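>>> Predicted model and sequence follow; I will ask about them next.
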Amino acid sequence: MDEKKVVAKLSRVGILGNVILSAFKLFAGIFGHSGAMISDAVHSLSDVFATLIAYIGVVLSKQEADKEHPYGHERFECIASLILGMILAATGLGIGYSGIQTLLKARAGTAEIAIPTLLPLIAAIVSILVKEGMYWYTMYYAKKLDSAAFKADAWHHRSDAFSSVGSFIGIGAAKLGFPIMDPLASLIICLFILKVAFDISKDALNKMTDTSCSDEFIQEVHDFISAQPDVKNIDLLNTRQFGNKVYIDLEIAVDRNMSLINAHNIAERVHAAVEQQFPNVKHIMIHVNPDKAD
């Protein structure tokens, strides 16, 4: 798989798809008298910037290690994901603010909530189908690339699909004689977006602050190393996330009467086996200890 071509294709599809969808939803929202659909259009427009940021983050993260960055550039993806989370949060808060303003004006009698036409309802259905399709398409390649930024971008697409579901419910209820449901739908959309923004930002911060891997992953690695020939015991096993990669610090115990050369060869075998078995492990540092005397 040519990663550069895949990254470029994902970015083109994401940007072009969101530009077209945003224009359609904005047209439907304005001429169909739906504040919820206009909010939905703004959310889709934010996806254009999200995909662009994801693309830049992935490209930068794929650079080879150099003198100034001997551990590589994987954390650029975390920075991109964090920015995506912030954009999502700002978008969600803006949509929520707009919905609250509309409700307050309607309650004060300074503005009347217009009943949407059929056009925004059609736009909501189209958006749900398109954005869910873009989610699966982006997530498929994001997993192949093991890209946190594009996974965040995929969830950005799905959050847009969720917001369109909220738009559909709100617009449909407004057409049935409950116009207040249209701005209420904007508030529901806001909550969906903020939840996704929180999850994306939390994951990015974890990977930027050398957070250890999950207990399940550590146990899997522990069991794999314990099963290697001549490994008597595991004295220490620490992991840390570095972008979408993992670093491991390991201490193993071997026969205390073994020669230094043989002990070194065991460590080399374990090193190669772990990095082959777990592709996301970028490097494992192994220290060899003598096993405890009986």
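Yep, it's here. Given the structure is predicted, the values throughout are model-derived calculations rather than measurements.

>>> Going by C-alpha atoms from here, please, whenever you check contacts or count neighbours.
OK.

>>> Show me the helices in the stretch 1-150 of the chain, by range?
Secondary structure of the stretch 1-150 of the chain, counting by DSSP state H, counting those that start in this stretch: helices at 3-31, 35-61, 75-108, 118-145, 148-175.

>>> Now mean neighbour count and mean pLDDT too, for those helices, in a markdown table please.
As requested, these are exported to a markdown table (neighbours: other Cα atoms under 10 Å; pLDDT from 0 to 100):
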| stretch | mean neighbour count | mean pLDDT |
| --- | --- | --- |
| helix 3-31 | 18 | 83 |
| helix 35-61 | 25 | 74 |
| helix 75-108 | 21 | 78 |
| helix 118-145 | 19 | 87 |
| helix 148-175 | 26 | 77 |
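
>>> Identify whichever of these lies nearest to Arg256.
The closest of the helices of the stretch 1-150 of the chain to Arg256 is helix 75-108. By Cα to Cα, the value is 39.9 Å.

>>> Okay, angle between that closest one and helix 35-61 too, please.
170 degrees (axes from the mean of the first three to the mean of the last three Cα atoms, to 10 degrees).

>>> list the helices and strands helix 75-108 packs on?
Judged by 3 or more Cα pairs under 8 Å, 6 or more residues apart in numbering; DSSP states H and E, the packing partners of helix 75-108 are helix 35-61, helix 148-175, helix 181-208.

>>> re earlier: show me the one of the helices of the stretch 1-150 of the chain that comes nearest Leu187.
Taking the helices of the stretch 1-150 of the chain one by one with Cα to Cα, helix 75-108 is closest: 4.9 Å.

>>> tell me the angle of that closest one relative to helix 148-175?
Orientation check (the same axes, to 10 degrees): helix 75-108 against helix 148-175 gives 10 degrees.

>>> Now do the helix or strand hosting Ala263: distance to the chain's middle.
In this structure, Ala263 sits in helix 260-277 according to DSSP states H and E. Offset of helix 260-277 from its chain centre (Cα atoms, centre = their mean, to the nearest Å): 34 Å.

>>> elements contacting that helix?
helix 215-226, strand 281-290.

>>> C-terminal to the first one, what's the next element?
It refers to helix 215-226. Moving toward the C-terminus from helix 215-226, the next element (DSSP H and E) is strand 233-242.

>>> Could you spell out the sheet neighbours of that following strand, each with its direction?
In the sheet, strand 233-242 lines up against strand 245-254 (antiparallel) (DSSP bridges).

>>> May I see the buried residues of the partner strand?
Within strand 245-254, the residues scored as buried using 16 or more other Cα atoms under 10 Å are Lys245, Val246, Tyr247, Ile248, Leu250, Glu251, Ile252, Ala253, Val254.

>>> I'd like to know the beta-bridge partner residues of the third one.
Counting by DSSP bridges, Tyr247 is bridged to Arg240, His283.

>>> That one: what's it in contact with?
Tyr247 makes contacts with Thr239, Arg240, Gln241, Val281, Lys282, His283, Ile284, as judged by Cα atoms under 8 Å, 6 or more residues apart in numbering.

>>> May I see the helices of the stretch 1-150 of the chain arranged in JSON lines, with distance to Asp291 as well?
Formatted as JSON lines, the helices of the stretch 1-150 of the chain follow (distance: least, Cα to Cα, whole Å):
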{"stretch": "helix 3-31", "distance to Asp291": "44"}
{"stretch": "helix 35-61", "distance to Asp291": "40"}
{"stretch": "helix 75-108", "distance to Asp291": "37"}
{"stretch": "helix 118-145", "distance to Asp291": "40"}
{"stretch": "helix 148-175", "distance to Asp291": "40"}
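
>>> Of those helices, which is nearest Leu191?
Here helix 75-108 is closest among those (Cα to Cα), at 7.1 Å.

>>> Now do that closest one: distance to the chain's middle.
That offset, for helix 75-108, works out to 17 Å (Cα atoms, centre = their mean).

>>> Use 35 as the first number from now on
Sure thing, new numbering starts at 35, so read that last one as helix 109-142.

>>> Pretty sure Pro154 is one of the things Met71 touches, is it not?
Yes - in this structure, Met71 is within contact of Pro154 by Cα atoms under 8 Å, at 6.2 Å.

>>> Please confirm that Met292 is located within a strand.
No - Met292: not assigned to a strand; according to DSSP: H, G, I helix; E, B strand; the rest coil it is coil.

>>> Give me the buried positions along stretch 223-231.
Within stretch 223-231, the residues that qualify as buried are Ile223, Cys224, Leu225, Phe226, Ile227, Leu228, Val230, Ala231, counting by 16+ other Cα under 10 Å.
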